[in-house]
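Student: heads up, no residue letters with this:
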């Protein structure tokens, strides 16, 4: 069963998360990350 956006929003609210950090690598393998406020829609 896949996780839905609604599942993530519910968990963020339940755990009082303030920021979400997305981490990934670019095409050359260099790590990148971006942090967004949890309240962003």
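Tutor: On my side now, so go ahead. Keep in mind that what you see is a predicted model, and the values were worked out from it rather than measured.
Student: which residue ranges of the chain form helices?
Tutor: For the chain, the helices defined by DSSP state H cover 5-14.
Student: which residues touch residue 21?
Tutor: 33, 34, 35 (C-beta atoms under 8 Å, 6 or more residues apart in numbering). C-beta coordinates here come from the backbone N, C-alpha and C atoms, glycine included.
Student: and the residue nearest the centre of the chain, how far is that from residue 29?
Tutor: By C-alpha atoms, centre = their mean, the chain has its centre lying nearest to residue 20, at 4.2 Å. Between residue 20 and residue 29 the computed distance is 23 Å (C-beta to C-beta, to the nearest Å).
Student: hmm, residue 24 is touching residue 30, no?
Tutor: No. Look at residue 24 against residue 30 with C-beta atoms under 8 Å: they stay out of range, at 9.9 Å.
Student: below-threshold pLDDT in the protein: ranges please.
Tutor: 40-41 (pLDDT under 70).
Student: let me see the ranges of the strands in it.
Tutor: Counting by DSSP state E, the chain has these strands, from start to end: 19-25, 31-37.
Student: just put the ones you listed in CSV and tack on distance to residue 9.
Tutor: Formatted as CSV, the strands of the chain follow (distance: least, C-beta to C-beta, whole Å):
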stretch, distance to residue 9
strand 19-25, 11
strand 31-37, 13
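Student: quick one: closest of the ones you listed to residue 3.
Tutor: Comparison of the strands of the chain against residue 3 by C-beta to C-beta identifies strand 19-25 as nearest, at 13.8 Å.
Student: and the closest one, which strands flank it?
Tutor: With DSSP bridges as the test, strand 19-25 is paired with strand 31-37 (antiparallel).
Student: residues making contact with the partner strand?
Tutor: Residues outside strand 31-37 that contact it (C-beta under 8 Å, 6+ apart) are 18, 19, 20, 21, 22, 23, 24, 25, 26.
Student: farthest-apart pair in those, please.
Tutor: Farthest pair in those, by C-beta to C-beta: 18 and 26, 26.5 Å.
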